[in-house]
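Asks: only geometry, no sequence info:
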């Protein structure tokens, strides 16, 4: 039998706590080495697990790269995240540690398991996503179900604490340890109003009606970077188009209106963004058979090479609480692989991010289409 070799792992990718010793890598695996796959809040939950060894049916929320999952992998675990990258990271790190597992991977809109004896949560960056998660848990789990939540101390703002008080009883927050805190509580019985967590607003100048699920970027108004790119869209006529990092889908929807014969894919790593886009495509475009599709993906990792003529992109520079450019650079690299010869990638970005440098390294010539005091629009073509 051939033994599978582990990929190269550096010492700073090993998490050592009282709950065990685990290899943990961020995805993509070429992420900046100064960004760890765990933080002190994960370590606080590990300490809690050691002190409560009788947990048998845990439900995890917002476990970004599997730090919460690793010491529980021997149990039947359900884990919920809006991030497709997180879903991939769980399996990657379980396999990296050669752990057998029974993992139920759930998106935020999937039904929750009912036989849960503890909820373990990393507090997300988005306040609207946190409230949506707490509301669903309070509505669907038996009253009194224990909750343990952890985050950096600065995340536990008065607004965040108020949300926990709204949906939970017996809320207690620990003293700070390594600039992080642990919150313990028990869920109340609170009925949920699903419509409360869906925002709807219009863009009259574009004749658009947009729907947003909780946690989706630019949830209350049109993002100013997207607006600038909408003013500088490429000419109609591209046969196959991708709106990469689509968010609410507005870039691809607007291009589809000017180029109704185009085949368009909207791609994002957020399940809630893709759900929002599907609703917005249905509301703002005529039915188009299989010409329109919205997909979850890690950048363009599942898309075939040389399959696209135009990619529109408003890339993120955050991964939850981490400020980073590596996701944008992965988007650019994937775009080069997926574009056909002569295909175009058009990007809007904050001026200070200097994306022209990695784009030049990948594509050669970079053309500036437009600029204002805050944003720049760049165009590159695959030669």
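Replies: Looks like it arrived, so ask away. These figures come from a predicted structure and were not determined experimentally.
Asks: let me see the ranges of the helices in this structure.
Replies: Remark: helices assigned in the chain by DSSP state H are 40-51, 84-96, 127-140, 158-167, 224-230, 250-258, 271-284, 326-338, 356-363.
Asks: centre of the chain to stretch 11-24, how far?
Replies: Centroid separation for stretch 11-24 versus its chain: 24 Å, with Cα atoms, centre = their mean, to the nearest Å.
Asks: next, the distance between the ends of that stretch.
Replies: From its first residue to its last, stretch 11-24 covers 10 Å (Cα to Cα, to the nearest Å).
Asks: got the buried residues for it?
Replies: Within stretch 11-24, the residues that count as buried by 16 or more other Cβ atoms under 10 Å are 13, 15, 17, 19, 22-24. Heads up, the C-betas are built off the backbone N, CA and C, glycines and all.
Asks: let's have these in JSON lines, adding distance to residue 91 and pLDDT.
Replies: Formatted as JSON lines, the buried residues of stretch 11-24 follow (distance: Cβ to Cβ, whole Å; pLDDT from 0 to 100):
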{"residue": "13", "distance to residue 91": "17", "pLDDT": "91"}
{"residue": "15", "distance to residue 91": "17", "pLDDT": "97"}
{"residue": "17", "distance to residue 91": "21", "pLDDT": "97"}
{"residue": "19", "distance to residue 91": "20", "pLDDT": "97"}
{"residue": "22", "distance to residue 91": "14", "pLDDT": "97"}
{"residue": "23", "distance to residue 91": "14", "pLDDT": "96"}
{"residue": "24", "distance to residue 91": "13", "pLDDT": "96"}
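Asks: okay, these in CSV with distance to residue 351 next?
Replies: Output for the buried residues of stretch 11-24, formatted as CSV (distance: Cβ to Cβ, whole Å):
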residue, distance to residue 351
13, 34
15, 37
17, 42
19, 45
22, 40
23, 39
24, 35
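Asks: show me the contacts for the closest residue to residue 92 other than its chain neighbours.
Replies: Leaving aside its chain neighbours, residue 92 sits nearest to residue 27 (6.2 Å; criterion: Cβ to Cβ, 6 or more residues apart in numbering). With contact set as Cβ atoms under 8 Å, 6 or more residues apart in numbering, residue 27 has these partners: 65, 85, 88-89, 92, 298.
Asks: using JSON lines, lay out the residues you listed together with distance to residue 79, neighbour count and pLDDT.
Replies: Shown next, in JSON lines, are those (distance: Cβ to Cβ, whole Å; neighbours: other Cβ atoms under 10 Å; pLDDT from 0 to 100):
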{"residue": "65", "distance to residue 79": "11", "neighbour count": "25", "pLDDT": "97"}
{"residue": "85", "distance to residue 79": "13", "neighbour count": "22", "pLDDT": "95"}
{"residue": "88", "distance to residue 79": "12", "neighbour count": "18", "pLDDT": "96"}
{"residue": "89", "distance to residue 79": "11", "neighbour count": "27", "pLDDT": "97"}
{"residue": "92", "distance to residue 79": "14", "neighbour count": "20", "pLDDT": "96"}
{"residue": "298", "distance to residue 79": "17", "neighbour count": "19", "pLDDT": "94"}
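Asks: sorry, back to before: retrieve the pLDDT associated with the residue nearest to residue 92.
Replies: As predicted, residue 27 sits at a pLDDT of 87.
Asks: before we move on, what about residue 357?
Replies: 92.
Asks: residue 101 and residue 76 touch, don't they?
Replies: No - the criterion here is Cβ atoms under 8 Å, and residue 101 misses it with residue 76 at 9.2 Å.
Asks: who's in contact with the nearest residue to residue 291 once chain neighbours are set aside?
Replies: Closest residue in space to residue 291, ignoring its immediate chain neighbours: residue 263 at 4.8 Å, by Cβ to Cβ, 6+ apart. When contacts are counted by Cβ under 8 Å, 6+ apart, residue 263 touches 239-241, 291-292.
Asks: and what of residue 105?
Replies: Residues near residue 105 by Cβ under 8 Å, 6+ apart: 79, 81, 87, 90.
Asks: take those residues and, keeping just the buried ones, write it as a PyMOL select command.
Replies: Here is the PyMOL selection string for the buried members of the contacts of residue 105, based on 16+ other Cβ under 10 Å:
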select buried, resi 79+81+87+90
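Asks: now render the contacts of residue 27 as TSV, adding distance to residue 115.
Replies: As requested, the contacts of residue 27 are exported to TSV (distance: Cβ to Cβ, whole Å):
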residue	distance to residue 115
65	26
85	28
88	26
89	26
92	27
298	31
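Asks: now for the buried residues of stretch 11-24, which pair is the farthest apart?
Replies: Within the buried residues of stretch 11-24, 13 and 19 form the most distant pair, 16.9 Å apart (Cβ to Cβ).
Asks: and the residue nearest to residue 92, how far from residue 299?
Replies: To residue 299, residue 27 is 10 Å away according to Cβ to Cβ, to the nearest Å.
Asks: show the pLDDT at residue 99.
Replies: 96.
Asks: list the residues that contact the closest residue to it other than its chain neighbours.
Replies: Nearest residue to residue 99, sequence neighbours excluded (Cβ to Cβ, 6+ apart): residue 73, at 4.3 Å. Contacts for residue 73 were tallied using Cβ under 8 Å, 6+ apart; they are 94, 97, 99-101, 103.
Asks: by neighbours, which of the residues you listed wins?
Replies: Among the contacts of residue 73, residue 103 has the most neighbours (other Cβ atoms under 10 Å), with 20 neighbours.
Asks: so it sits against residue 94, correct?
Replies: Yes - at 7.1 Å, residue 103 and residue 94 qualify as touching, with contact defined as Cβ under 8 Å.
Asks: how is the protein partitioned into domains?
Replies: Split into domains by automatic domain parsing, the chain comes to 11-187, 197-381.
Asks: any idea which of the ones you listed scores lowest on pLDDT?
Replies: For those, mean pLDDT drops lowest on domain 197-381, to a mean of 92.
Asks: what about the strands in the stretch 151-300 of the chain?
Replies: According to DSSP state E, counting those that start in this stretch, the stretch 151-300 of the chain carries its strands in the segments 168-173, 180-187, 198-203, 208-213, 240-244, 263-268, 292-296.
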